[in-house]
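Engineer: With the input below, show me the fold.
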Amino acid sequence: MTKSLALKIDDAEPETAPASARIKLSGVPDDRAMLRAAAELTRDLHTPNRRIYWTDMLLSAGIGYGALAATILAPSWPLALLAGVVAVLALYRASLFIHEITHLKHSLLPNFRLVWNLILGVPLLVPSFMYEGVHTMHHARTRYGTVEDPEYLPLALMKPWTLPMFLLVSLLLPVAMLIRFGVLTPLSLVIPPLRRLVVAKYSGLQINPKFSRRAPEGEFRKQWYWQEAGASIFSIALITAVATGVVPLRAFGIYLAVVAGVAVINQVRTLVAHLWENDGEPLTVTAQYLDSVNVPTPGFLAYLWAPVGLRYHALHHLLPSLPYHALDEAHRRISGALEEASAYHKANYPTLRGLMHRLAQSTMGAR
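Structural biologist: Numbering: from 1, shown residues only. This next block holds a predicted model:
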């Protein structure tokens, strides 16, 4: 799993680069010019535009739920399939605002977290407490890529079967979340050892199985409890409604399929958010950036599979608090100011397909 890495970046194009074209991440020094440019050139871009956030989130959610209803009520399978695709893509975009909620100051977007959880987090069974306090650890200077990072596994150094397994797990997410909130939450309230297990292992959107979460504290504890209670009530009500025939099995199955579709697309995006080539060593900010991915090339598909600014994931690791709508402009400024030899340009890749090919090739060479 901890196969040694090459000493330099191969000059081959990312589309065709062999698995050996890896970065020796450990020991990469910080590119001071890049870090300085990223900070200085974006000072005026850190204020979130409330109109953009609210319009984008509410419109995406409205289209998604409208398409979900159309899928359930469609008179034919072709129409149901078309509406289902729209529902998955729109709800996927709306759900990804959980990432923005995690990074931005809530005082700059009053009530945004509350409304998002009420219309998306609870009904889709991914309340924001599952991400808040977890994702920020992924950005911690000394945690990224280590065993203490809840969102990192050295996937590029693991066996080929790990990739399809990684995607298969996401298909089971809606059922797992129904069990988590509809069964484990109420049981854990009367069984303290189960509660400790639920908090530690089943309360975070994480991919590292070794990560254990601590119990919430302070103001966040209130957020955790009301969101968990809402998701639990929703889950129990939904299970009861299906069991008693109030909600038809067909409608329930379509709901599960759409939520699973959202989870699968997000899992595919996760696979190309990083190169996953670190074997557990603490990394500099520049090394973390080089292990992350930008897909800046304009293209319609990139807006579908990496919406809400997530096609600039490497840039996001440089500037985690930058609003999603400012990333395009930030990239334009930084890439224009830095020479081609800068580390900044080495994290830019042309396509999703090329990144998936690179990752698959790398696992093929794992021992």
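
Engineer: Return the backbone torsion pair for Asn348.
Structural biologist: For Asn348, the backbone dihedrals (degrees, to the nearest 10) come out as phi -100, psi 130.

Engineer: measure it to Gly253 for me?
Structural biologist: Note on Asn348: its distance to Gly253, by Cβ to Cβ, to the nearest Å, is 41 Å. The C-beta positions use only the backbone N, C-alpha and C, and glycine is treated the same way.

Engineer: next one: Tyr289
Structural biologist: For Tyr289 relative to Gly253 (Cβ to Cβ), the value is 42 Å.

Engineer: who has more neighbours, these two?
Structural biologist: Neighbour count, other Cβ atoms under 10 Å: between Tyr289 and Gly253, Tyr289 has more, with 27 against 12.

Engineer: can you pull the pLDDT of Gln227?
Structural biologist: Confidence at Gln227, expressed as pLDDT, is 98.

Engineer: And for Thr2?
Structural biologist: Thr2 is assigned 33 on the pLDDT scale.

Engineer: got it, and Thr297?
Structural biologist: We have a pLDDT of 79 for Thr297.

Engineer: any idea how far it is from Leu359?
Structural biologist: From Thr297 to Leu359 the distance is 18 Å (Cβ to Cβ).

Engineer: higher neighbour count, those two?
Structural biologist: Neighbour totals were compared for Thr297 and Leu359, and Leu359 leads with 20 against 11 (other Cβ under 10 Å).

Engineer: how about the more buried one, phi and psi?
Structural biologist: When quoted as degrees, to the nearest 10, the phi and psi of Leu359 stand at phi -60, psi -40.

Engineer: what's near enough to touch it?
Structural biologist: Going by Cβ atoms under 8 Å, 6 or more residues apart in numbering, Leu359 touches 155-156, 163, 271-272, 275-276.

Engineer: Could you pull out the helices in the stretch 51-200 of the chain for me?
Structural biologist: Assigned by DSSP state H, counting those that start in this stretch, the helices in the stretch 51-200 of the chain fall at 77-95, 97-103, 112-116, 135-138, 162-171, 173-179, 185-188, 192-201.

Engineer: swap that for the stretch 201-350 of the chain, sorry
Structural biologist: For the stretch 201-350 of the chain, the helices defined by DSSP H, counting those that start in this stretch cover 218-243, 249-271, 285-290, 300-305, 313-318, 327-337.

Engineer: By mean pLDDT, show me the worst of the ones you listed.
Structural biologist: When the helices of the stretch 201-350 of the chain are ranked by mean pLDDT, helix 300-305 comes last with a mean of 87.

Engineer: I'd like to check which residues are in contact with Ser235.
Structural biologist: Counting by Cβ under 8 Å, 6+ apart, the residues that Ser235 touches are 125, 177-178, 181-182, 185.

Engineer: So it versus Ala241, what's the distance?
Structural biologist: Ser235 is 11 Å from Ala241, by Cβ to Cβ.

Engineer: What about the closest residue to Glu277 other than its chain neighbours, how many residues nearby?
Structural biologist: Spatial nearest neighbour of Glu277, excluding adjacent residues (Cβ to Cβ, 6 or more residues apart in numbering): Ala156 at 4.7 Å. Ala156: 26 surrounding residues under other Cβ under 10 Å.

Engineer: Do I have it right that Ala156 meets Ser362?
Structural biologist: Yes - applying Cβ atoms under 8 Å as the test, Ala156 and Ser362 come out as touching, 4.0 Å apart.

Engineer: what stretches of the stretch 51-200 of the chain score poorly on pLDDT?
Structural biologist: In the prediction, the stretch 51-200 of the chain carries no residues with pLDDT under 70.

Engineer: Let's see that with 90 instead.
Structural biologist: 140-142, 156-164 (pLDDT under 90).

Engineer: which ones are touching the residue nearest to Val259 when sequence neighbours are not counted?
Structural biologist: Distances taken as Cβ to Cβ, 6+ apart put Pro174 closest to Val259, at 4.1 Å, once the chain neighbours are dropped. With contacts defined as Cβ under 8 Å, 6+ apart, Pro174 is in contact with 125, 255-256, 259-260, 263.

Engineer: Kindly provide the distance from Ser203 to His313.
Structural biologist: Counting by Cβ to Cβ, the separation of Ser203 from His313 is 24 Å.

Engineer: let me redo that: Thr240
Structural biologist: Separation of Thr240 from His313 (Cβ to Cβ): 40 Å.

Engineer: go on, Asp279?
Structural biologist: 20 Å.

Engineer: out of these two, which sits in the busier spot?
Structural biologist: Counted by other Cβ under 10 Å, Asp279 and His313 do not tie: His313 has more neighbours, with 21 against 16.

Engineer: pretty sure that one contacts Leu275?
Structural biologist: No - using Cβ under 8 Å, His313 is not in contact with Leu275, being 10.8 Å away.

Engineer: Next, count neighbours for Thr55.
Structural biologist: Neighbours of Thr55 using other Cβ under 10 Å come to 11.
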